[in-house]
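# return atomic coordinates for the entry below.
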Amino acid sequence: MQSVRFNRTNGFTLLETIVYIALLAILIGGGMIGVFNILEGSGRTRQSMYREQEAYFITRKIDAVISEATSIDEPDVSSASTTSGQLTVQAGAETIVINHSGEEILLTRDGTPYELNDALVPATALSFYWNNASNTIVTTFTLDDHPYSVSNYYYE
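Numbering: from 1, shown residues only. Presented below is the predicted three-dimensional model:
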């Protein structure tokens, strides 16, 4: 009697199929984690860039107000050194005020307020410090829990 031999040369065994499916699941899962981290990191970078642009815009506006000022009423530039929560200047016949209200930094020109920062970047602090020794106004403000400071030279 002749024996029958089975030669299996095509296809996968059940064990091989399970191993390949597990390896594929690990690769896909790792790829999804990587994509999620990339997307999350780009969101943080975008928020940081947006905050920096807002801070730059605010510092340029403050610099422009101080540059066009004919006199500064607050902080008191006649005293040695003072700190104030708002900047009040006279520019020709108009009064310009920069102050903090809620989560906004406001520039008020002749009674009309303009928001300097966007609602996506809340402001939590604003102060102006007059340094009599160097004739500078140091402005410090906080946007989205990040502090910023700028010095502006004032000459009469």
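# same for the helix or strand containing Leu24, what does it pack against?
In this assignment (DSSP states H and E), Leu24 forms part of helix 14-68. In terms of contacts (3 or more C-beta pairs under 8 Å, 6 or more residues apart in numbering; DSSP states H and E), helix 14-68 is packed against strand 87-91, strand 94-101, strand 104-109, strand 136-143, strand 146-153. (Glycine included, C-beta is placed from N, CA and C.)
# dump the ones you listed to CSV, plus distance to Asp73 and mean pLDDT.
Below are those laid out as CSV (distance: least, C-beta to C-beta, whole Å; pLDDT from 0 to 100):
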stretch, distance to Asp73, mean pLDDT
strand 87-91, 4, 86
strand 94-101, 8, 89
strand 104-109, 13, 91
strand 136-143, 12, 90
strand 146-153, 16, 91
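# out of the ones you listed, which is closest to Leu23?
Ranking these by their distance to Leu23 (criterion: C-beta to C-beta) puts strand 146-153 first, at 44.3 Å.
# quick one: least confident helix or strand in the protein?
Per-element confidence for the chain was summarised using mean pLDDT, DSSP states H and E. The lowest value among helices and strands belongs to strand 81-84, with a mean of 67.
# hmm, back to that, need the helices and strands packed on helix 14-68 in a markdown table (columns: mean neighbour count).
Supplementary listing: the helices and strands packed on helix 14-68 in a markdown table, determined by neighbours: other C-beta atoms under 10 Å:
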| stretch | mean neighbour count |
| --- | --- |
| strand 87-91 | 19 |
| strand 94-101 | 17 |
| strand 104-109 | 18 |
| strand 136-143 | 20 |
| strand 146-153 | 14 |
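# CSV for the ones you listed, including distance to Pro75?
What follows is those, written out as CSV (distance: least, C-beta to C-beta, whole Å):
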stretch, distance to Pro75
strand 87-91, 7
strand 94-101, 12
strand 104-109, 16
strand 136-143, 7
strand 146-153, 12
